[in-house]
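Chemist: Next input, structure requested:
(2 chains)
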Protein chains: 2
Amino acid sequence: MDIKGFQFSAVEAAIKKPGRRDLALIYSEVPATACAVFTTNAVKAAPVILSRERIVSGIAQVLIVNSGNANACTGEQGMIAATETARLVAEGLGIAEETVQVASTGVIGVQMPMDRLRAGIPGAIDALTTGTLADVSEAIMTTDTFPKMEVKQVNIGTSGYTIAGIAKGAGMIMPNMATMLSFIITDATVDAPFLNLIFKQAINTSFNMISVDGDTSTNDTCLIMANGMAGNPVITAGTPEGAAFEQALNDVLLSLAKQIVLDGEGATKFVEIRVTGATTAVDAKRAAMAIANSSLVKTAFFGQDANWGRIFAAVGYSGAVVDQTRLSLSFNDVIMAQQGVFAGHDAEARGTEVLKENQFTVTVDLGMGSGTATVFTSDLSHEYVTINADYRT
Amino acid sequence: MDIKGFQFSAVEAAIKKPGRRDLALIYSEVPATACAVFTTNAVKAAPVILSRERIVSGIAQVLIVNSGNANACTGEQGMIAATETARLVAEGLGIAEETVQVASTGVIGVQMPMDRLRAGIPGAIDALTTGTLADVSEAIMTTDTFPKMEVKQVNIGTSGYTIAGIAKGAGMIMPNMATMLSFIITDATVDAPFLNLIFKQAINTSFNMISVDGDTSTNDTCLIMANGMAGNPVITAGTPEGAAFEQALNDVLLSLAKQIVLDGEGATKFVEIRVTGATTAVDAKRAAMAIANSSLVKTAFFGQDANWGRIFAAVGYSGAVVDQTRLSLSFNDVIMAQQGVFAGHDAEARGTEVLKENQFTVTVDLGMGSGTATVFTSDLSHEYVTINADYRT
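Modeler: Residues are numbered from 1 along each chain as shown, chains lettered A, B, ... in the order given. The predicted structure follows:
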């Protein structure tokens, strides 16, 4: 991966326990144009509060991220910890403190072990010339079972630029205007207001369209840094270059969002929920999210049970405008119900075959209008219960 | 149990499969003052649509209820089935068709086997002199592991009256203005508008305050019939007799609601969630329901993990007005966090002991105002997944 002017490191700081890399840096050799979207949860982690204030400047040069401790519900002491962390990174790199972004993920309600961070940060800075973005993607994992990364290269004549992103997810995933942790970097030169606009739009059709368990985290953060080191002419709105950049950015975010669902805690199924025919797009998303968050629907997916009635029930309480005599539902291309009633036992047998696949699409047509939405979700399995019953122990 | 003028029966009609009683009647020898509350789900089962129309008269004389088939998502044919069912009962008993209430619970999306109902109804009518309310409470079970019944006797001088209720629950439980199936009968003479008022209030502090899995069913029905056969002077609002009746009714409904949570699908814990200090009572319920419906909180209960941070996170996204620096939380009388921060490792050890109990209380104080709400919920266990992955097979 050739992404100019970025350096990476991931080291072991034993923040929760020894034995894995849990502290990482993404550093741009020059200050980068940056914007970020954070959790809408009223309970916000200290690093979210700090980073949110600082990103207003539109500039970031380094991100420090740790796993093992979320630094959430930690009060004044948590804010002091996040601020000191940023200061130590800024001093070590000789850059402005305001250009340091901080992110954390892990257990809620436990104070950050600052002695270990103080000891770990110099080593992380020293390692910057040797690490890779893949190293960082591993260091931010918590209950994730695989690291999540996507890279797109865009060619402009004989040169070009790269957009790369990483993410972590797995649990507490129903982002609402933001996601768990995701960091996007590009060496492209991009007009700042344009970047801001398309980044938020890309989030709305990717991270904001996934749900694993309906819980919105205290730490959700999605950050993009564009450092301009590719040397391309500035990319602006309303140009072919702008469109190409936007497409590549959308692809990276959608890929990362899907990877988060694929790695949903205990997930055995990847399900695309398409709602069509809603009164509005907002209503379509409402119906799709109700389906994606229903424990009864998700356990039926796990059980490979073509229980379309539970899906209709979820649509019915979603708050979307629904007329039960107009509802239709398909699993892949198998029509299970039309005008609100069952398509028959042949459909049952064929629908059950679809649900045995690892990935399938549920399409629900509300028959009311032209609003559509697509949401990605996983099933609810025994493994989800095991992971979350035992997470802290 | 002495409840005058009511007769009961429960017979085997093999609606889903043979081997258990699945068709039941509750019959009043005289037309009873009645009111009912039904599901708010936009997808409503045929018997709900029918019974809702008929209860407007304020009179009911008989309820026919079946398990094994919900008669939901069954279209025009489902409505014809519910209507014919009511007609057959009315003809068999020689009463007005409009006084028949119909309720169903079971699988969604499958047409009612009307041949079996036609064959079963005469036997159910013949058995009326021999059955008990307990028989009916068993016949309406689906995934319930025990029948749910509560009886209160109120004495007035040398005579008195009885209020008795039954319910079924277990899954698809987050009633919204109603519950799964619950039927309340009393031989008291009660003023109809007063009954209507206090019945709805009692539901709001009982069935509307429980959640097992956050799903609202297509079939929720709560019906009360007061036949006046106790011969007491009519009970009215603003009297000691009215207050005594209201208290007894509240007790019956709250008992049934708690029994539903105790028998929540796969439940190993019974948890009372008390939210205090909210801006309003509505906000308090919002926060309490977010806690009760969080998969992450519920799996932590199952794992006996005193993970109060997940509870704060749920409060944070609930939509209630929250200032994270004012939040406090206790497990029973063990303070886990105050002013948004952890109370320390001694609290951790003691809180973990509380979570090992089968029943405990979580109190969250928002520190904003005087709004309170109490919600009852269960945990999310492996057994829940097993039950719902395999329900139809």
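
Chemist: I'd assumed A:I80 was in a helix, is it?
Modeler: Yes - under DSSP: H, G, I helix; E, B strand; the rest coil, A:I80 falls within a helix.

Chemist: same for whichever helix or strand A:Y161 is part of, what does it pack against?
Modeler: Using DSSP states H and E, A:Y161 falls within strand A:159-167. Applying 3 or more C-beta pairs under 8 Å, 6 or more residues apart in numbering or on different chains; DSSP states H and E, one finds that strand A:159-167 contacts helix A:133-139, strand A:148-156, strand A:181-186, helix A:240-262. Heads up, the C-betas are built off the backbone N, CA and C, glycines and all.

Chemist: between it and strand A:181-186, how big is the angle?
Modeler: On the basis of axes from the mean of the first three to the mean of the last three C-alpha atoms, to 10 degrees, strand A:159-167 is oriented at 170 degrees to strand A:181-186.

Chemist: partners of strand A:159-167 in the sheet?
Modeler: Paired with strand A:159-167 in the same sheet, following DSSP bridges, are strand A:148-156 (antiparallel), strand A:181-186 (antiparallel).

Chemist: Deepest in the core, which of the helices and strands packed on strand A:159-167 is it.
Modeler: Here the criterion is mean neighbour count by mean count of other C-beta atoms under 10 Å in any protein chain shown, and of the helices and strands packed on strand A:159-167 the winner is strand A:181-186, at a mean of 27.

Chemist: how about low-confidence regions in the stretch 1-150 of chain A?
Modeler: Across the stretch 1-150 of chain A, residues meeting the criterion (pLDDT under 70) sit at A:1.

Chemist: Residues of it that sit close to chain B?
Modeler: A:40-44, A:70, A:72-75, A:77-78, A:107-111 (C-beta under 8 Å from any C-beta of the partner chain).

Chemist: ok, 6 Å please
Modeler: Within the stretch 1-150 of chain A, the positions adjacent to chain B are A:41-43, A:73, A:75, A:108-109 by C-beta under 6 Å from any C-beta of the partner chain.

Chemist: can I get those in CSV with neighbour count and secondary structure?
Modeler: As requested, the residues of the stretch 1-150 of chain A next to chain B are arranged in CSV below (neighbours: other C-beta atoms under 10 Å in any protein chain shown; DSSP: H, G, I helix; E, B strand; the rest coil):
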residue, neighbour count, secondary structure
A:N41, 28, coil
A:A42, 20, coil
A:V43, 27, coil
A:C73, 30, coil
A:G75, 18, helix
A:I108, 25, coil
A:G109, 30, coil
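
Chemist: for the residues you listed, which one is nearest A:L329?
Modeler: Within those, proximity to A:L329 (C-beta to C-beta) peaks at A:N41, which comes in at 32.4 Å.

Chemist: Identify the residue nearest the closest one in space, chain neighbours excluded?
Modeler: B:G316 (4.1 Å; C-beta to C-beta, 6 or more residues apart in numbering or on different chains).

Chemist: and the one you found, that one's in a helix?
Modeler: Yes - looking at B:G316 with three-state DSSP, it is inside a helix.

Chemist: Return the per-residue confidence for it.
Modeler: pLDDT for B:G316: 90.

Chemist: Show me which strand runs longest in chain A.
Modeler: strand A:23-38 (DSSP state E).

Chemist: Helix or strand next in line after that one, which one?
Modeler: Sequence-wise, the next helix or strand downstream of strand A:23-38 (DSSP H and E) is helix A:46-55.

Chemist: Give me the buried positions along that following helix.
Modeler: Within helix A:46-55, the residues scored as buried using 16 or more other C-beta atoms under 10 Å in any protein chain shown are A:46-52, A:54-55.

Chemist: residues making contact with that helix?
Modeler: A:36, A:38, A:71, A:74, A:78-79, A:82, A:98, A:101-104 (C-beta atoms under 6 Å, 6 or more residues apart in numbering or on different chains).

Chemist: what's the answer for stretch A:61-74, then?
Modeler: A:15-16, A:22-28, A:31, A:45-47, A:78, A:89, A:95, A:99-112, A:140, A:142, A:218-219, B:309, B:312, B:340.

Chemist: how about the buried residues of helix A:46-55, which pair is most distant?
Modeler: The widest separation within the buried residues of helix A:46-55 (C-beta to C-beta) is 15.0 Å, between A:A46 and A:I55.

Chemist: Could you give me the buried positions within stretch A:103-111?
Modeler: A:103-111.

Chemist: between the residues you listed, which is nearest chain B?
Modeler: A:I108 (2.6 Å; C-beta to the nearest C-beta).

Chemist: burial of the residue found closest to the closest one once you drop the neighbours it is linked to in the chain, as a residue count?
Modeler: Spatial nearest neighbour of A:I108, excluding adjacent residues (C-beta to C-beta, 6+ apart): B:G309 at 2.6 Å. Residues near B:G309, counting by other C-beta atoms under 10 Å in any protein chain shown, number 25.

Chemist: any idea which element B:G309 lies in?
Modeler: Using DSSP H and E, B:G309 falls within helix B:308-317.

Chemist: Return the list of helices and strands in contact with that helix.
Modeler: Helices and strands touching helix B:308-317, as assessed by 3 or more C-beta pairs under 6 Å, 6 or more residues apart in numbering or on different chains; DSSP states H and E, comprise helix B:281-293, helix B:295-302.

Chemist: Now render those as CSV, adding mean pLDDT and mean neighbour count.
Modeler: What follows is the helices and strands packed on helix B:308-317, written out as CSV (pLDDT from 0 to 100; neighbours: other C-beta atoms under 10 Å in any protein chain shown):
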stretch, mean pLDDT, mean neighbour count
helix B:281-293, 93, 24
helix B:295-302, 89, 27
